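> model this:
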Amino acid sequence: MLNLSRAAADGAHFVEEVEKRSGQRLTHCYQCGKCTAGCPLAFSMDLMPHQVIRLVQLGLREEALDNKAVWLCSTCATCSTRCPKNVDLAALMDALRIMARREGRTRKGASTALFNRIFLDSVRRHGRAHELGIGLQHNLRSGKPFKDSDLARGLLVRGRLKFRPSRIKGAAEVARIFAEVKRMEDGQ
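As a prediction, the model looks like this:
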């Protein structure tokens, strides 16, 4: 009986933590499924968006953080705009991704988590994405060095990919935004 009450307390703590990080009241979701019906990526997810929110509502930390859906969510906000209770599921998925990354729970979305990290690092360093650098780094670090190399050659020939990253005028502002986000994430 003691273990059951401890599990319930851990579950309640998880729900509070997710609500705080996402800014969403999870009790507002009544599982209508409109988020899932509108999700353009639901077909490739192991759990549907409404199932992810249900796992969080039930306080099932491991299941909510150890799934592919959290990593496949593109944060397009279709789910959020369709929700009759105004639950921002995209914000919830963002919060779960942050929590999963912090806890080292990236196995099911390893390639996506790696791409996310490389992409954001490129934007942080250059003020914008450097596509060739992102692709090369992702391919090398994921153990597939020649993946899509035939596509890259054609894009290079047509001038659609640049060898060197270009910087933007507002790069300092972008760096400031990244620093602010890091400060906010560390403070939560």
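
> how about the helices of this protein, start to end?
With helices called from DSSP state H, the chain shows them at 2-22, 34-38, 49-57, 61-65, 68-72, 78-82, 89-102, 110-126, 131-141, 149-157, 171-187.

> kindly reformat those as TSV and extend each row with distance to residue 164.
Bear in mind the C-beta positions are built from the backbone N, C-alpha and C, glycine included. Shown next, in TSV, are the helices of the chain (distance: least, Cβ to Cβ, whole Å):
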stretch	distance to residue 164
helix 2-22	38
helix 34-38	40
helix 49-57	39
helix 61-65	38
helix 68-72	30
helix 78-82	36
helix 89-102	30
helix 110-126	10
helix 131-141	9
helix 149-157	12
helix 171-187	15
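
> closest to residue 163 out of these?
Minimum separation from residue 163 across the helices of the chain (Cβ to Cβ) falls at helix 131-141, 6.4 Å.

> CA atoms only: put that closest one into PDB for me.
Extracted in PDB, the C-alpha atoms of helix 131-141 (Å, rounded to 0.1, in the frame of the first residue of the first chain):
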ATOM      1  CA  GLU A 131      21.600  23.600 -44.400                       C
ATOM      2  CA  LEU A 132      24.700  21.900 -45.700                       C
ATOM      3  CA  GLY A 133      26.400  22.000 -42.300                       C
ATOM      4  CA  ILE A 134      23.300  20.600 -40.600                       C
ATOM      5  CA  GLY A 135      22.900  17.800 -43.100                       C
ATOM      6  CA  LEU A 136      26.600  16.800 -43.000                       C
ATOM      7  CA  GLN A 137      26.700  16.900 -39.200                       C
ATOM      8  CA  HIS A 138      23.500  14.900 -38.800                       C
ATOM      9  CA  ASN A 139      24.600  12.300 -41.400                       C
ATOM     10  CA  LEU A 140      28.100  11.900 -39.700                       C
ATOM     11  CA  ARG A 141      26.800  11.800 -36.200                       C
END
